[in-house]
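>>> Quick check, what structure comes out for this input:
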Amino acid sequence: MSAQSSFDYAVIRVVPRVEREEFVNAGVIVFCLEQNFLAAKVHVDGERLKALWPEVDVDLIRQHLEAFPKISAGDPFAGPIARLSLRERFHWLVSPRSTIIQVSPVHTGICDDPERVLDRLFARLTC
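The predicted model follows:
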């Protein structure tokens with residue numbers, strides 16, 4: 001059995017009409033400093049978004065959501081935020097915002113495999 005490490009995670013949400021505070025979970029970010037891990041997975045459910053707001057631009061939402069995995073991975077084409085340290089990128093990604101793309105409060109846990117945690121949380125919270 002591998003050593004246990006603490007991890008933090010947040011759920012990425014799409015809030016089509018901020019004033020109504022209704023949202024669709026669209027992804028998860030997992031950060032485990034001890035294992036040098038930061039990753040995000042996203043999925044856009046256009047039907048669910050359109051049920052909340054028929055005029056929502058699903059393609060634009062998809063473009064914005066796709067930045068989360070790129071920044072998490074440190075993709076050199078993802079802009080200056082992607083060049084920050086793992087910790088700085090995580091804190092930037094989970095910082096509160098009042099836009100159509102928001103994140104939940106940060107939650108914590110213990111794991112031995114943060115990649116498996118990411119997959120499990122993504123399956124449980126977004127599908």
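>>> The chain: strands as residue ranges?
5-14, 24-32, 37-42, 101-103, 107-111 (DSSP state E).
>>> closest to D75 out of those strands?
strand 37-42 (11.4 Å; C-beta to C-beta). Where you see a C-beta, it was placed from the backbone N, CA and C, and this is true even at glycine.
>>> And that closest one, what does it pack against?
strand 5-14, strand 24-32, helix 67-73, helix 86-93, helix 114-126 (3 or more C-beta pairs under 8 Å, 6 or more residues apart in numbering; DSSP states H and E).
>>> For V58, grab the count of nearby residues.
Neighbours of V58 under the rule other C-beta atoms under 10 Å: 15.
>>> Leaving out sequence neighbours, find the closest residue to it.
Computed as C-beta to C-beta, 6 or more residues apart in numbering, the closest residue to V58 that is not its neighbour in sequence is G46, at 4.2 Å.
>>> Distance of that neighbour relative to P96?
26 Å (C-beta to C-beta, to the nearest Å).
>>> With neighbour numbers in mind, choose between those two.
G46 (13 against 7).
>>> And the more buried one, how close does it get to D59?
Taking C-beta to C-beta, one finds G46 at 9 Å from D59.
>>> ok, residues contacting the helix or strand of the chain with the lowest mean pLDDT?
When the helices and strands of the chain are scored by mean pLDDT, DSSP states H and E, helix 46-52 comes last with a mean of 93. Residues outside helix 46-52 that contact it (C-beta atoms under 8 Å, 6 or more residues apart in numbering) are 14, 16-17, 20, 22-24, 56, 58, 61.
>>> redo that, cut-off 6 Å
16, 22, 24, 56, 58 (C-beta atoms under 6 Å, 6 or more residues apart in numbering).
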